[in-house]
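[1] my questions concern the predicted model and sequence given below.
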2 protein chains.
Amino acid sequence: MNFYSDFPKILVAVDAIIFGFNENEHELKLLLLKRQFAPEKGNWSLMGGFIDPEESLDNAAQRIVKKLTGLDQVYMEQLYAFGDVNRDAGGRIISVAYFSLIKINEHDSELVKKYGASWITISELPKLIFDHEEMVKRAMRKLRIRARTQPIGFELLPNKFTIPQLQRLYEAIYQVPFDKRNFRRKLLAMGLLEKLDEKEKETSKKGAFYYQFNKTKYGELLEKGLNFDL
Amino acid sequence: MNFYSDFPKILVAVDAIIFGFNENEHELKLLLLKRQFAPEKGNWSLMGGFIDPEESLDNAAQRIVKKLTGLDQVYMEQLYAFGDVNRDAGGRIISVAYFSLIKINEHDSELVKKYGASWITISELPKLIFDHEEMVKRAMRKLRIRARTQPIGFELLPNKFTIPQLQRLYEAIYQVPFDKRNFRRKLLAMGLLEKLDEKEKETSKKGAFYYQFNKTKYGELLEKGLNFDL
DNA sequence: CCAAAAGTGTTCATCGTACACCCATGT
DNA sequence: ACATGGGTGTACGATGAACACTTTTGG
């Protein structure tokens, strides 16, 4: 079981781009922290950590996200492996970036405080260490692509949500306004939403009906090749 | 410059999914080899190699492809990092897979012979070692996506090619027939092709006009957000 | 003259997009 | 009563899909 002992080993890390959305706001956010160790101590950074030889990349990514948010079972996808020789000023490290989508109201804010992390609006990102800005840019690009082909918007909203909330989310992701009539029509036409009898009354006097996502229908549609274009 | 010395290092490899196309045939091919060392010696495998601490991931991938094909400057894209703990029976290895597209007639067939490699039609793939089949599947998926959004078909054909050749390529990628009238119209409408005065006369008595790819036009279109849907 | 591949136009259905007014209700 | 956000329908242009015959020429 030790066939490759002559080859050089390398440090491998995982960095997590954690997207969050608050259904009452209009902006997508990223969970960033001030780095607590050298090099670049005190500067803004993504959450990261080294891979243990006993864990898979996917597990390491989950571990990192759980460490900062307390959340398990979040939407998570591998983004890209960053492997330039001098990308990290502290030594030669290959970093595999993952992005995850979480419901911002469900995370553990004590943990976030403990690590000196904050939710930062994507239009107001600070300078980040190393190649983390490139990671974020790439994650945004991939998120936009995913949001067209998979209903990942639902990962960022509570189980019950209104159509205007969903629209605000998509507008935050693409940074463009949508026509609300077309948006609603197209979305309902997919047959993935179930209307509830309950209304959300915080944001308007009239109130907006809650909907929920029908996972069974989604499974059926996936078979036939769903397109989720908005 | 040695801030992270307490953390465990891991073996990192690159595996290359090398796609090729012969403009006179109808099938997409993969360059595979019979592994020349244990474990799994003698079984079909992708070309791979370990990362040197002094080289980037991208450079390692280029090096691997050049080693087997003699080709430099080929289209190459990172596919995915495979990181399950037991994915390689020889030890814990993280492998970053890349896929590349080459013009099958331009490669160095001596090198290929030297490594015991062969071009295998994608519909007749043998069993592959470890998780290499998963890598190939994922590469096919990504290739299909790329072929819709970037004119990568041109990477797989000689500089001069005919429209029927290009159509055969796309049919090989998607494994579906296209209507030749629609295919031609859509393609020419993009304005990326320049008709030459010369004809290709091998495959038909009438002969088909050669075209070439206009890279300048392509650059212009990229700015405005090209869609290359067929 | 015939086989084999290249080349060419039109029609129809579908889908995306643009656009303006009424509704419900808390204050 | 009014301000605020929620909810609804239609018309037009663009785009994708289906479809059959003529052209060229080597053998």
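    Here it is on my side, so go on.
[2] the residue of chain A positioned farthest from its centre: helix or strand, and which one exactly?
    The C-alpha centroid of chain A is most remote from residue A:6, which lies 38.8 Å away (C-alpha atoms, centre = their mean). Assigned by DSSP states H and E, residue A:6 belongs to no helix or strand.
[3] residues contacting it?
    Listed by C-beta atoms under 8 Å, 6 or more residues apart in numbering or on different chains, the contact set of residue A:6 is empty. To be clear about C-beta, it is placed using only N, CA and C from the backbone, and glycine gets the same treatment.
[4] okay, it and DNA strand C: tell me how far apart.
    Between residue A:6 and DNA strand C the distance, using C-beta to the nearest atom of the strand, to the nearest Å, works out to 52 Å.
[5] SS state for the closest residue in space to residue A:97 that isn't next to it in sequence?
    Distances taken as C-beta to C-beta, 6 or more residues apart in numbering or on different chains place residue A:79 nearest to residue A:97, at 4.3 Å, with adjacent residues excluded. Of the three states, residue A:79 takes strand under DSSP: H, G, I helix; E, B strand; the rest coil.
[6] surely residue A:79 meets residue A:99?
    Yes. Taking C-beta atoms under 8 Å as the definition, residue A:79 is a contact partner of residue A:99 at 5.1 Å.
[7] more neighbours, those two?
    For residue A:79 and residue A:99, the more surrounded residue by other C-beta atoms under 10 Å in any protein chain shown is residue A:99, and the numbers stand at 27 against 23.
[8] show me what contacts that one?
    A:16-19, A:76-77, A:79, A:139, A:142-143.
[9] wait, is it part of a strand?
    Yes. Under three-state DSSP, residue A:99 sits within a strand.
[10] DNA strand D versus that one, what's the distance?
    Taken as C-beta to the nearest atom of the strand, the span from residue A:99 to DNA strand D is 28 Å.
[11] please apply the same query to residue A:113.
    Residue A:113 is 31 Å from DNA strand D, by C-beta to the nearest atom of the strand.
[12] how about that residue, secondary structure?
    Three-state call for residue A:113 (three-state DSSP): helix.
[13] rewinding a little: what does the model give the residue farthest from the centre of chain A for pLDDT?
    pLDDT for residue A:6: 87.
[14] circling back: residues contacting the residue nearest to residue A:97?
    Residue A:79 makes contact with A:17, A:97-99, A:135, A:138-139, A:142, according to C-beta under 8 Å, 6+ apart.
[15] ok, the closest residue to residue A:168 other than its chain neighbours - contacts?
    Setting aside the residues directly before and after it, residue A:168 is nearest to residue A:26 in space (C-beta to C-beta, 6+ apart), at 5.4 Å. Going by C-beta under 8 Å, 6+ apart, residue A:26 touches A:168, A:171-172.
[16] closest to chain B among those residues?
    Nearest to chain B among these: residue A:171, at 18.8 Å, using C-beta to the nearest C-beta.
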